[in-house]
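> 3D, please:
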Amino acid sequence: MTILVIAEHDNAQLRGATLNAIAAAARIGGDVHVLVAGSNVRAVAEQAAQASGVSKVLLADAPQLAEGLAENLAAQVLAIARDYGHILFPATASGKNVAPRVAAKLDVAQISDIIAVESADTFQRPIYAGNAIATVQSSDAVKVITVRTTGFDAVAAQGGSAAVESLAAVADSGLSSFVGREVAKSDRPELAGARAVVSGGRGLGSADNFHILEPLADKLGAALGASRAAVDAGYAPNDWQVGQTGKIVAPQLYVAIGISGAIQHLAGMKDSKVIVAINKDAEAPIFGVADYGLVGDLFEIVPVLAAALDH
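Below is the predicted model of the structure:
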């Protein structure tokens, strides 16, 4: 049995989500191949070849694959799909864009957002905002799967020595074109892959008050996050949102400040290794999942906590 993992990258660096998807593939068992599709991506293919557990890297290099357009990338996957029993994508914005196209063209049911592998045809996935876990079984000849990256510890990025094999790139589908991209630049770690996250909620009261989180985040080397309520209120940008309709994170440390802990938010962070909650409401649901809780005024507690980290 051979499994294909679709790599995520920016044409220069392999993204960490790929290593989580490789870990899920390893749980299924069998040879793991990684497809790197992009433009001038030989360096990315070589990075994928070094990942633990990878037996072969397939390289499709062409200008029409540069921006990861779903139509072109799906066609590239479909060109080799029949050689594999499982095709795995990270459950990211990119993976969720491409995987359904591949599943539809193969006329199979997609298995979404898996968090565990029971066997080669049976998987677990969260439903009802993570309040229940469904066990799903598929008899499809090719199983198209998206992997919730927080459900699997990433494989080692170094130590592998897979061969890199070049593929013929598919032609441009002509169905879409890349117009432009606006990327928010930050010196902080990327939210989805950060080892520590400091998140604020509606309790902060304003966008200006969100700055109170910055000294604490700086000292922890943390990414900044936010609840949906805070984002909807305009306190924080959309790409900071953590939760069912935002980003799913599982850092080593998650600090929830002024966040009540609605089900939708908990679905996005409850797998964090250590959760610290600061809220003035002792009955806030966030304390139900927190390892450590501080009840009090966040405007007093957060500066004191940040200052204490100097010692």
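> and the residue lying closest to Leu69 once chain neighbours are set aside, how many residues sit next to it?
Using C-beta to C-beta, 6 or more residues apart in numbering and skipping residues adjacent in sequence, the residue nearest Leu69 is Ser176, 5.1 Å away. Any C-beta I mention is one placed from the backbone N, CA and C, and that applies to glycine too. When neighbours are counted by other C-beta atoms under 10 Å, Ser176 registers 12.
> skipping adjacent residues, who's closest to Gln110 in space?
Ala103 (4.0 Å).
> and if you look at Gly261?
Gly261's closest residue in space is Ile286 (C-beta to C-beta, 6+ apart), at 3.0 Å.
> quick one, domains of the protein?
2-166, 196-308 (the TED database).
> right, so of those, which gets closest to Lys185?
domain 196-308 (11.3 Å; C-beta to C-beta).
> circling back to that earlier point, mind pulling the model confidence for the residue nearest to Gly261?
On the pLDDT scale, Ile286 is placed at 96.
> can you confirm it is in a helix?
Yes: the assignment for Ile286 (DSSP: H, G, I helix; E, B strand; the rest coil) places it in a helix.
> check contacts around it.
Counting by C-beta atoms under 8 Å, 6 or more residues apart in numbering, Ile286 makes contact with 256, 259-261, 265-266, 277, 279, 293.
> what of Leu298?
For Leu298, the contact set (C-beta under 8 Å, 6+ apart) comprises 203-204, 212, 257-258, 278-280.
> before we move on, which element is Ile133 in?
Using DSSP states H and E, Ile133 sits in strand 132-137.
> which of the contacts of Ile286 sits closest to Asn131?
Leu266 (9.0 Å).
> OK, contacts around the closest residue to the closest one other than its chain neighbours?
In space, and not counting its chain neighbours, Leu266 is closest to Val289: 6.0 Å by C-beta to C-beta, 6+ apart. Contacts for Val289 (C-beta under 8 Å, 6+ apart) come out as 261, 266, 270, 275.
> gap between Val289 and Gly268?
12 Å (C-beta to C-beta, to the nearest Å).
> ok, Val44 next?
Taking C-beta to C-beta, one finds Val44 at 28 Å from Gly268.
> okay, and the helix or strand of the chain with the least pLDDT?
Every helix and strand of the chain was ranked by mean pLDDT, DSSP states H and E. The lowest is helix 263-269, at a mean of 93.
> what packs against that helix?
Judged by 3 or more C-beta pairs under 8 Å, 6 or more residues apart in numbering; DSSP states H and E, helix 263-269 has no packing partners among the helices and strands.
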